[in-house]
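[1] Predicted coordinates and the sequence they were generated for:
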Amino acid sequence: MSGLAPPPARRQTLTEFFEGFFENDDGTTDIIQLSDERLAQIEEIERTVGESEGFRIGATSTNNRRDRHLSEYRSTCILQFIKEGRQSELIIRNNSGPENDPLFFPEDRESFWKLVKIYLTWMTKQVQPRNSTDTRPRLATIANRRWSILYWARVYMKSPPSFITLQARTNSALFFAVDKFGVNMNRRDKPYFGRHELRYLIDHNLEKTDAFDVAESHHAVWTLALVCGVRPGAIGWSTHRRSNYLRWKDVTIRRDTESPSKFDMTIEFPYMKGYQDASAKEFAYMKVMVGRGREEGYLRLTLRAPSNPDNILLSPTVRLLAIALKRGILAQYKTIEELLTGNHVEVMISPEHLNDPVFLAATPGGRSLDMNKPASAAALTAYLGKRAKDAGFKSGTMYAFRRKAANNVDRAAGRDALRQFMHHTPTSTAYENHYEDANFDLDITAIAMDEVMMPQQTSAQRAPILFRASLRADHATVQTRIDAYVNEHIDKSLDGHRATNERRRLKRLAWKALDAENQALQRETFSLEQLKARQAELRGPSKLMSLIRSRIEKPQADSENLGDNESDEFEDDENEDEEARLDLEEMADVDFSTHDESEPDVEPDLSTTAPLSSSKEASQNIELGTDREFDCGRVFDVSYDDVLYNFLEVMLEGDSQTLAKGSSRPCQECLSDDTVPVEKKFHKYKNQSDLQRHLESNIHSPLKKWLRRMAAAQAQDEEGFARCYCGRAYAHLNKLQDHLEKVRDKGVEQDNPHFAGMTEDGWLLPNWEKSRRSANNSRRIQAERQREREDLGRVRPQVEVLTKRVPSTIVPGAYSGPEEPSTAKRLQEFMRRTAHLPELTPEYMRAKDEANGTVGLSVEWITEEELLHGPPSEREKRAMAYLQGMADEPPAAKKARK
């Protein structure tokens, strides 16, 4: 026995298949009589060809856009037909069907030009921009509709025009409408996120989040975008391609041959833009034939291990290793120690997990990961955008990392390597049009005046990390303003789902308005001292790196304290070199000096290993790193292995309370509130989110403060009473509260003895009893609390609501709820389990007493006639005597009917 899997069956060649239609048994070649199986194959081919008539090639999103534009075109044509009095020619009077399309795509070119011009003019006037900050659409939004019209013209017209002809005949109407109604010609403000922005985003998110596993997954995506510059659609699934997402089989991790504790990763992105449909791949192959495209639709990148310990936190390889260890999907290793001391060249994923998604979606509420659901590209973008806004940036998308990576690669390796890195065609101008930094940071002043040029570091001086806006208002104030905005502008006539959607829309607009206000205030008040302080922050380590360093140094400090034998000279040297280890150019990669000896602003270290010609080698292999050459020195006086071990350890214990997801802190309002008990005053909340939840409760509401103050006064009262402003005294504080609420509801005049005290204590304020939680968020908060109870196993019993009524099929007026209500099921099950038991009738009970000899001990059997008309029995006499107080004991016997 070889122990190998059996070989697959031999495949039939195409020649053998077709020869089966013509070869006779005697070896002669002729058309043979077709069997039923052969006829079925021919019919299947014929049927498939017929079904292909309505097949739409191209991406689903492109086809949806074309359908939407066709519906718009039909609507404008119908309006024009009605205007000209030609509505009788319309076969249907709506835009949902193709019946009228022959009228809207006539063979008469002049009629067709007129309809297209009317359509473009309508669109220029009526189309609204998707961005709420824009007032008019962009020209490309209108002009792209001509491509859709040309597509449908080729479908419905026998001799469709070329695009050049369509463009020439409709340009006059389009640009006149543009000049009359206006379009948005402003350049978009595109953010560029580098490693400094990423460090700050990670630190800020760890301070705010309660869901570390979810944050850890997104942080790994951010580092991947920083180094590889890929689109979110190459990592997560999109609406029309739900099976296209990054899997573990696309990732290969190997040890560095020189440093076994360093890991390199080769990652292949199989789902690149423009190559996810068969028609797109054929089009790409046609472009390859003329030397203008790439044949393959995947990108393969090699990520080297960083040499600088500080950059371990930004390494996608290390973060993916931490995720794999936490999920337990590594084939050879289960612990950090095994991983770092192992000697396998390739760190392999278990075969059963190769098709699992690398990045998982979050559960509803975002508190944990759904282990069976991959993350979507939209979720990755939305999470980053929300965190970037919260951190003070104007905006933030995955393309912010892609733009920065593109500019860095362009400066480091040139334009040809850049297009290969971005998976653009060799003749593409997408980088110049959409990715290149608009600010040309060459020192043209020095060139014109023959001075020494500054290095090209202007982009670093205006990095987004330096000009982020800090939120100056507290959460309660912001929430109050948002609620006021919503209540001021909401349409009171809306109800139900429409009111909910409108409230959400207004909340988004309020947030955008507050953010714009905060950004404007930042520009007005931002001082030179603040800028220098933020520059100094870049010289220091990130908060996460500081945490790791403290974990490394704590055991060292403990061991040093055991024997105080270090010399003062060593300590002086260490303090003296502290500033030298945190050099601005090495640590922050930002140079604000005027000398010309610094390196250009480059983050990845890139070298191409694949030829530029795609005809020689189709796949793209690029090696990337997160270090610059002069960054290889140590930032801290700790080893690379120590940083790597402790970082992996922090990632694996992320869901415990030992990780500083924002340092623990007390509530400042509790510290300043005299009514809060001492044992609760100094309570420390584990992070900002936990503290915010405490502040949103009603513990600091005026009512709660009054109750605590009155409880203390009642405890000090000699008689233990809670005393009212009017002089009344109550034994229970809740009775005093009820009394004052009734007085307030009736109305308190100035001559009322309660007026002065209630005014001073705040009883007459509108938010006397309310917490700081927004009323608009109450439903969301309740849903989050329910999910928390489910996570802790404390689920409240759910009452089944009868939502469906069916007519009874038994008797009129009988139960008409659901066919099988839960109570009926339980009753049927009880009857089935007790079917063998006797029915407890009076006759059965009397026979049982007679059989057991217990007649008269507990029941005195009488007839119905005796019960109604007979004289009182002895038991009845004893019962009457007992009820009248003439007997000390009640009767022991009961009566029952025979």
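    Now that the structure is in, tell me what you want to look at. Residues are numbered from 1 along each chain as shown.
[2] Please enumerate the strands of this protein.
    Applying DSSP state E to the chain gives strands spanning 251-255, 263-269, 299-303, 346-347, 360-362, 369-374, 607-608, 621-624, 665-666, 684-685, 722-723, 729-730, 859-862, 894-897.
[3] burial measure for Ser307, as a count.
    Ser307 sits with 20 neighbouring residues when counted by other CB atoms under 10 Å. All C-beta spots, glycine's among them, are computed from the backbone N, C-alpha and C.
[4] before we move on, back to that, of the strands of the chain, which is nearest Ala516?
    Closest approach to Ala516 among the strands of the chain is made by strand 360-362 (28.8 Å; CB to CB).
[5] so how far is the closest one from its chain's centroid?
    Centroid separation between strand 360-362 and its chain, computed with CA atoms, centre = their mean, to the nearest Å, is 8 Å.
[6] mind starting the numbering at 6 from now?
    All set: I'll call the first residue 6, so the last point we hit is now strand 365-367.
[7] Parallel or antiparallel, which strands does it pair with?
    According to DSSP bridges, the neighbouring strands of strand 365-367, each with its direction, are strand 374-379 (antiparallel).
[8] avg pLDDT for the partner strand?
    When pLDDT is averaged over strand 374-379, the result is 90.
[9] in it, what counts as buried?
    Applying a neighbour-count criterion of 16 or more other CB atoms under 10 Å, one finds 374, 379 buried in strand 374-379.
[10] CA-only coordinates of it in PDB, if you can.
    Output in PDB follows, covering the C-alpha atoms of strand 374-379 (Å, rounded to 0.1, in the frame of the first residue of the first chain):
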ATOM      1  CA  LEU A 374     -16.300  39.600  16.400                       C
ATOM      2  CA  ASP A 375     -18.500  37.300  14.400                       C
ATOM      3  CA  MET A 376     -16.200  34.300  13.800                       C
ATOM      4  CA  ASN A 377     -18.200  33.100  10.700                       C
ATOM      5  CA  LYS A 378     -18.600  36.400   8.900                       C
ATOM      6  CA  PRO A 379     -16.000  38.300   6.900                       C
END
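[11] domains of this structure?
    The record's domain split for the chain, according to automatic domain parsing, is 65-186, 200-447+605-657, 847-902.
[12] Can I get those domains in a markdown table including distance to Met763?
    Compiled in a markdown table, the domains of the chain are given as follows (distance: least, CB to CB, whole Å):
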| stretch | distance to Met763 |
| --- | --- |
| domain 65-186 | 45 |
| domain 200-447+605-657 | 40 |
| domain 847-902 | 54 |
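[13] what's the most buried one of these?
    With neighbours defined as mean count of other CB atoms under 10 Å, those peak in mean count at domain 200-447+605-657, which reaches a mean of 18.
[14] got a markdown table for the strands of the chain, with distance to Asp520 too?
    Below are these laid out as a markdown table (distance: least, CB to CB, whole Å):
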| stretch | distance to Asp520 |
| --- | --- |
| strand 256-260 | 37 |
| strand 268-274 | 33 |
| strand 304-308 | 34 |
| strand 351-352 | 43 |
| strand 365-367 | 24 |
| strand 374-379 | 29 |
| strand 612-613 | 41 |
| strand 626-629 | 34 |
| strand 670-671 | 25 |
| strand 689-690 | 26 |
| strand 727-728 | 47 |
| strand 734-735 | 50 |
| strand 864-867 | 82 |
| strand 899-902 | 79 |
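[15] ranking the ones you listed by mean pLDDT, which is last?
    Of all those, mean pLDDT reaches its minimum on strand 612-613 (a mean of 36).
[16] how about the longest helix anywhere in the chain: buried residues?
    In the chain, with assignment by DSSP state H, the single longest helix is helix 501-530. Taking 16+ other CB under 10 Å as the basis for neighbour counts, the residues of helix 501-530 that come out buried are 508, 511-512, 515, 519-520, 523-524, 527.
[17] residue ranges with poor pLDDT in the stretch 456-605 of the chain?
    Counting by pLDDT under 70, the stretch 456-605 of the chain contains low-confidence ranges at 458-467, 476-480, 559-605.
[18] Next: the stretch 156-305 of the chain.
    Low-confidence segments of the stretch 156-305 of the chain, defined by pLDDT under 70: 279-302.
[19] how much space between the nearest residue to Gly401 once chain neighbours are set aside and Ala538?
    Once its chain neighbours are removed from consideration, Gly401 has its nearest residue in Ala393; the separation is 2.6 Å (CB to CB, 6 or more residues apart in numbering). Look at Ala393 and Ala538: by CB to CB, to the nearest Å, they are 21 Å apart.
[20] Kindly report the same for Glu834.
    Taking CB to CB as the criterion, Glu834 is separated from Ala538 by 72 Å.
[21] do Arg135 as well
    Arg135 is 38 Å from Ala538, where distance means CB to CB.
[22] And Ala45, by the same measure?
    Taken as CB to CB, the spacing of Ala45 relative to Ala538 amounts to 79 Å.
[23] what's the answer for Glu115, then?
    Distance, Glu115 to Ala538, using CB to CB: 69 Å.
[24] repeat for His74
    His74 sits 52 Å away from Ala538, taking CB to CB as the criterion.
[25] same check, this time on Tyr436
    Tyr436 is 35 Å from Ala538, by CB to CB.
[26] Equivalent analysis for Gln38, please.
    For Gln38, the distance to Ala538 equals 92 Å [CB to CB].
[27] more crowded one of the two?
    Neighbours were counted for Gln38 and for Ala538 using other CB under 10 Å; Ala538 has more, 10 against 6.
[28] For the more buried one, give me its contacts.
    Residues near Ala538 by CB atoms under 8 Å, 6 or more residues apart in numbering: none.
[29] ok, it to Leu552 distance?
    22 Å.
[30] follow-up on the earlier one: is it possible to get a markdown table of the buried residues of helix 501-530 that adds distance to Asp646?
    Below are the buried residues of helix 501-530 laid out as a markdown table (distance: CB to CB, whole Å):
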| residue | distance to Asp646 |
| --- | --- |
| Arg508 | 54 |
| Leu511 | 54 |
| Lys512 | 49 |
| Ala515 | 50 |
| Leu519 | 46 |
| Asp520 | 43 |
| Asn523 | 43 |
| Gln524 | 43 |
| Gln527 | 42 |
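[31] ok, so of these, who is nearest Gly371?
    Of all the buried residues of helix 501-530, the one with the least separation from Gly371 (CB to CB) is Lys512, at 17.7 Å.
[32] What separation do you get for the closest one and Ser80?
    Computed with CB to CB, the distance linking Lys512 and Ser80 is 32 Å.
[33] Tell me the spacing between the closest residue to Ala178 other than its chain neighbours and Ala886.
    Nearest in space to Ala178, with sequence neighbours left out and distances taken as CB to CB, 6+ apart, is Lys122 at 3.7 Å. Taken as CB to CB, the spacing of Lys122 relative to Ala886 amounts to 110 Å.
[34] So which of the buried residues of helix 501-530 is the closest to Arg259?
    Comparing the buried residues of helix 501-530 against Arg259 with CB to CB places Asp520 closest, at 44.3 Å.
[35] circling back: list the residues that contact the residue nearest to Ala178.
    Contact analysis of Lys122 by CB under 8 Å, 6+ apart lists 175, 178-179.
[36] Distance-wise, check it relative to Arg528.
    Using CB to CB, Lys122 is found at 44 Å from Arg528.
[37] again with Glu357
    Separation of Glu357 from Arg528 (CB to CB): 55 Å.
[38] Looking at the strands of the chain, which is nearest to Glu881?
    strand 899-902 (8.2 Å).
[39] these two touch, right, Glu202 and Lys399?
    No - using CB atoms under 8 Å, Glu202 makes no contact with Lys399, being 11.7 Å away.
[40] shared neighbours, these two?
    Common contact partners of Glu202 and Lys399 (CB under 8 Å, 6+ apart): Pro469.
[41] Which residues are in contact with the closest residue in space to Lys685 that isn't next to it in sequence?
    With CB to CB, 6+ apart as the measure, Cys675 is the residue that lies nearest to Lys685, at 6.6 Å, once sequence neighbours are left out. Neighbour list for Cys675: 681, 685-688, 705 [criterion: CB under 8 Å, 6+ apart].
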